[in-house]
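Asks: Predicted coordinates and the sequence they were generated for:
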Amino acid sequence: MGATSTTKPSHLSSRQFLKDTVKFTDGYTILDVATVGSTTKEAYFLTRHPDGFVTVYACTYTTGAAYPGDPDNFGWRDPWGEQHGIHEIRCPERFLRRLSPLPDAPDPAGVECTQRAIERWETNYRARVITLNERRATLEALSPTDPGFDAATRAVFEVERDVPARSELHALRDELRAADPFAPHREWRAKAWAAATRAKAFLPGATLRFTNRLSAGGTPFDTVTLLTRKARQVLAQTDGGVHITLPLDAQYWPFEVITPAPPTRTL
């Protein structure tokens, strides 16, 4: 995946500049462009193939100079399409509703079996990474002369050794594509719809439990109650009573709703 940097005229928005500048091959027509995100900026291109198939491409982009004196003030990664396996999932719902329907999978049983294997791999990987981060934090708090330093070092090594290899996931995805050529489309659309649904629940008064544990002042937590929005941040309170700020992008992080927000509340 390549990258491009250039100078964006100040009178053009990021959305308009990307729509005017990014070009697609194979006769794709850009129907619309949307930009989202504050910490990590993402662009979504709603496109139509000459055969009429409407699909999404996405990329990350940056604004501002990369270093003092840099003549360029705008950059982006080459957009990837649904067929490639898009990493970005914050696609606007209005784009998702315009996507062309997908044909049925030729081997539904094989697809379902492989999808379950992928889900197990991802669940195991997330759990291992969370444990690894916690043990690394414990180790970093110790000095080599502390009594527990050697034990903490071994604990980190034990988890590092058991983190699933990415090659296993790649092999499963290859197997899934063999069973269903549109598997990447289905997987991305499911994640994008889930993210859009979560974003609607990210409202003041809601209590949420994040899938990936967070940390505030060195204290890990995963459950928060949203209080109010301030600029591009959201004020919240952990289940331990600590007041924190979350980036607005947190509305797209994986979480489950413990208590929904009261009716009519908005950020």
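Replies: Nice, thanks for sending it over. Numbers count the residues shown, from 1 in each chain.

Asks: Can you spell out which helices and strands pack onto the lengthiest helix in the chain?
Replies: Among the elements of the chain assigned as helix by DSSP state H, the one spanning the most residues is helix 108-140. Secondary-structure packing of helix 108-140 (3 or more C-beta pairs under 8 Å, 6 or more residues apart in numbering; DSSP states H and E): helix 149-162, helix 166-179, strand 207-216. All C-beta spots, glycine's among them, are computed from the backbone N, C-alpha and C.

Asks: As a markdown table, those with mean neighbour count and distance to His87 would be great.
Replies: Formatted as a markdown table, those follow (neighbours: other C-beta atoms under 10 Å; distance: least, C-beta to C-beta, whole Å):
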| stretch | mean neighbour count | distance to His87 |
| --- | --- | --- |
| helix 149-162 | 13 | 24 |
| helix 166-179 | 14 | 13 |
| strand 207-216 | 16 | 16 |
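
Asks: need the ones you listed in TSV with mean pLDDT and distance to Ala194, can you?
Replies: Output for the helices and strands packed on helix 108-140, formatted as TSV (pLDDT from 0 to 100; distance: least, C-beta to C-beta, whole Å):
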stretch	mean pLDDT	distance to Ala194
helix 149-162	91	28
helix 166-179	87	18
strand 207-216	88	11
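
Asks: Tell me which stretches of this structure form strands.
Replies: 3-6, 29-36, 41-48, 54-63, 74-77, 80-81, 207-216, 219-230, 233-238, 243-247, 255-259 (DSSP state E).

Asks: Using a markdown table, lay out the ones you listed together with distance to Lys23.
Replies: Formatted as a markdown table, the strands of the chain follow (distance: least, C-beta to C-beta, whole Å):
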| stretch | distance to Lys23 |
| --- | --- |
| strand 3-6 | 11 |
| strand 29-36 | 9 |
| strand 41-48 | 11 |
| strand 54-63 | 11 |
| strand 74-77 | 12 |
| strand 80-81 | 14 |
| strand 207-216 | 36 |
| strand 219-230 | 37 |
| strand 233-238 | 36 |
| strand 243-247 | 32 |
| strand 255-259 | 37 |
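
Asks: which residues sit in contact with the closest residue to Leu132 other than its chain neighbours?
Replies: Counting by C-beta to C-beta, 6 or more residues apart in numbering, Leu132 lies nearest to Val159, which is 4.5 Å off, once chain neighbours are set aside. Counting by C-beta atoms under 8 Å, 6 or more residues apart in numbering, Val159 touches Arg128, Thr131, Leu132, Arg135.

Asks: Buried members of these into ChimeraX, please.
Replies: Burial among the contacts of Val159 is assessed by 16 or more other C-beta atoms under 10 Å; the matching ChimeraX selection reads:
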select :128,131,132,135
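
Asks: separation between the residue nearest to Leu132 and Ala65?
Replies: As defined by C-beta to C-beta, to the nearest Å, Val159 lies at a distance of 40 Å from Ala65.

Asks: got it, and Val234?
Replies: From Val234 over to Ala65 (counting by C-beta to C-beta), the distance is 29 Å.

Asks: between these two, which one's more packed in?
Replies: A side-by-side neighbour count of Val234 and Ala65, using other C-beta atoms under 10 Å, places Val234 first with 23 against 15.

Asks: Next, count neighbours for the residue nearest to the more buried one when sequence neighbours are not counted.
Replies: Leaving aside its chain neighbours, Val234 sits nearest to Leu246 (4.7 Å; criterion: C-beta to C-beta, 6+ apart). When neighbours are defined as other C-beta under 10 Å, Leu246 has 20 of them.
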